[in-house]
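Engineer: Have a look; sequence and predicted model below, questions after that.
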Amino acid sequence: QVQLVESGGGLVQAGGSLRLSCAASGGIFRSYTVAWFRQAPGKERDFVASISVTGNSASYAESVKDRFTISRDNSKNTVYLQLSSLKPEDTAVYSCAAGPVSWRNKLSSSYDYWGQGTQVTVSS
């Protein structure tokens, strides 16, 4: 079993930045692809970004490409999501997920382990 805990969310003005963290314990986290998803009120959960086991490959949703950066530090069992140039439409609960899948996988149903989520609110 892998336990995931997100942190770093908060309230920020448009144009601002945040760094989210996803800390893992248990299991073989270093062998898993990790992804970030987000869900805004009344909307479906959307893929944001994913990163390969080694951290050498990553995939992004078009809406966040060039603004968000995903990275991982396997020595700390942690994956990060740097959010920059934030927009009000980025407001959502951000959750990390892990699983033995390809880093290209954008389907939330493919990931086995989930954190509880962290709220990001961007004011205009």
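Structural biologist: Arrived safely.

Engineer: Let's see the pLDDT reported for L83.
Structural biologist: On pLDDT, L83 comes in at 98.

Engineer: Can you name every helix or strand that the helix or strand harbouring R19 contacts?
Structural biologist: Assigned by DSSP states H and E, R19 falls within strand 18-25. Under the contact criterion of 3 or more Cβ pairs under 8 Å, 6 or more residues apart in numbering; DSSP states H and E, strand 18-25 touches strand 3-7, strand 33-39, strand 78-83, strand 92-99, strand 118-123. Just so you know, the C-beta spots here come from the backbone N, C-alpha and C atoms, and that holds for glycine as well.

Engineer: cutoff 10 Å now
Structural biologist: On a contact count with 3 or more Cβ pairs under 10 Å, 6 or more residues apart in numbering; DSSP states H and E, strand 18-25 meets strand 3-7, strand 10-13, strand 33-39, strand 68-73, strand 78-83, strand 92-99, strand 118-123.

Engineer: outside of the first one, which residues touch it?
Structural biologist: Going back to what we said before, that points to strand 3-7. 19-27, 29, 34, 36, 77-79, 81, 93-98, 111, 113-119 (Cβ atoms under 10 Å, 6 or more residues apart in numbering).

Engineer: ok, that strand: who's next to it in the sheet?
Structural biologist: With DSSP bridges as the test, strand 3-7 is paired with strand 18-25 (antiparallel).

Engineer: The last one now?
Structural biologist: Using DSSP bridges, the strands paired with strand 118-123 in its sheet are strand 10-13 (parallel), strand 92-99 (antiparallel).
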